Structures are given as structure tokens and as C-alpha cells.
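Enquirer: Kindly generate the corresponding structure for this input.
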Amino acid sequence: MKLNTLDWLPTEPDFELFLVYCHQKDYRLCFALNEHFHSSFVRIKDFLEEEENPHLPTYAQFTYSDEITHKEYFLISNQPLVKDLVAREGDLFATEQPELLIADQPKVDFFFMAYGQFTEEELNDIEDQLNLIPLINAAKRVDPNSSSSYLNLMH
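Expert: Sure thing, here's the model as predicted:
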């Protein structure tokens with residue numbers, strides 16, 4: 001039996017997902033997360049960055065690994081790092097048009113993802129703690145299976 005590379009790709013998300021509404025810069029949000037959770041989120045290679053396709057949009061990405069509990073956390077921006085200037089018919093000037101990571105969530109600023117084994121109580125606590133951070137307007141836990149576009153977030 002011959003296996004294709006598509007056979008190895010997961011078809012369901014294996015992470016917990018929180019939508020974060022925060023109008024601050026990504027580095028300010030990470031600083032606030034580090035202060036609040038006593039963690040050390042660090043910037044890593046931009047999400048969707050490909051050396052062979054430098055013209056494609058990329059998204060800021062931060063990660064934190066808890067070596068004791070073997071849990072990983074990612075924060076990914078929904079806004080691209082470089083926005084394209086688009087001139088629409090009838091407009092005098094071109095305006096910035098972002099190509100969102102998840103287009104059907106235009107109001108979401110960041111995606112907070114948690115990989116590992118979590119109890120329902122832990123997930124509720126993470127959501128509550130995210131909402132306690134003053135920089136965050138709102139944070140909401142969603143089922144990553146609720147939309148097929150959330151598969152784009154898988155690492």
C-alpha cells in the first residue's frame with residue numbers, strides 16, 4: 001500500500017483555541033501575557049513564512065513551551081505584517097487592505113492556541129485569565145472544529 005503525504009496530515013485540529021480581541025501591537029500583548037501568566041513568550045519565525053514565496057503575507061507568531069506540564073502555547077496575529085495598497089474604482093487614494101489569516105473572523109486580532117492535555121476547568125481558567133489582562137478587550141474560547149478555516153492555524 002502506497003502512502004501519500006496527504007495521509008499524514010491531520011484532518012482535525014489538535015489544539016484549543018481562544019479568539020483575542022486586542023487593539024495593541026503584538027509585542028505589547030506578549031509582554032502583558034508574560035507578566036500575567038509568568039511565562040516567556042518569544043517571537044519565532046512568522047506564520048506562513050516561506051523563503052521560496054516572499055511575496056505571500058506573513059503573520060507575527062509567538063510561542064511559549066511549559067517544560068513541566070508539556071504544554072505549548074502560540075499567539076498568532078490575524079493581521080498580516082505587510083498590508084497591500086489597493087485602489088478601488090472611484091477612490092482618490094489607495095488604501096491598505098489586509099489579507100487576514102482567517103478571513104471569516106475580521107474582528108479578531110489574535111488567535112491564542114494551546115496544545116496539550118487540558119481539563120475543562122483549566123480551559124475555563126485560561127479564558128478567565130485572558131479576560132483579566134487590561135490590554136485585552138475580550139477573549140473567547142471557541143471550538144476549533146466549528147470552522148474549517150481554523151485548520152489553517154495548525155502547526
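
Enquirer: can we go C-alpha only for contacts and neighbour counts from here?
Expert: Noted.

Enquirer: residues contacting Glu72?
Expert: If a contact means C-alpha atoms under 8 Å, 6 or more residues apart in numbering, then Glu72 has Thr63, Tyr64, Ser65, Asp66, Ala114, Tyr115, Gly116 as its contacts.

Enquirer: low pLDDT regions in the protein?
Expert: Scanning the chain for pLDDT under 70 picks out 1-13, 50-55, 83-98, 155.

Enquirer: before we move on, the earlier item: and the contacts of Glu72 as TSV, adding distance to Val42, secondary structure and neighbour count?
Expert: Converted to TSV, these look like this (distance: C-alpha to C-alpha, whole Å; DSSP: H, G, I helix; E, B strand; the rest coil; neighbours: other C-alpha atoms under 10 Å):
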residue	distance to Val42	secondary structure	neighbour count
Thr63	6	strand	20
Tyr64	7	strand	18
Ser65	10	strand	17
Asp66	13	strand	11
Ala114	15	strand	22
Tyr115	16	strand	17
Gly116	19	coil	13
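
Enquirer: and which of the residues you listed is nearest Asn137?
Expert: For the contacts of Glu72, the closest approach to Asn137 (C-alpha to C-alpha) belongs to Ala114, at 19.8 Å.
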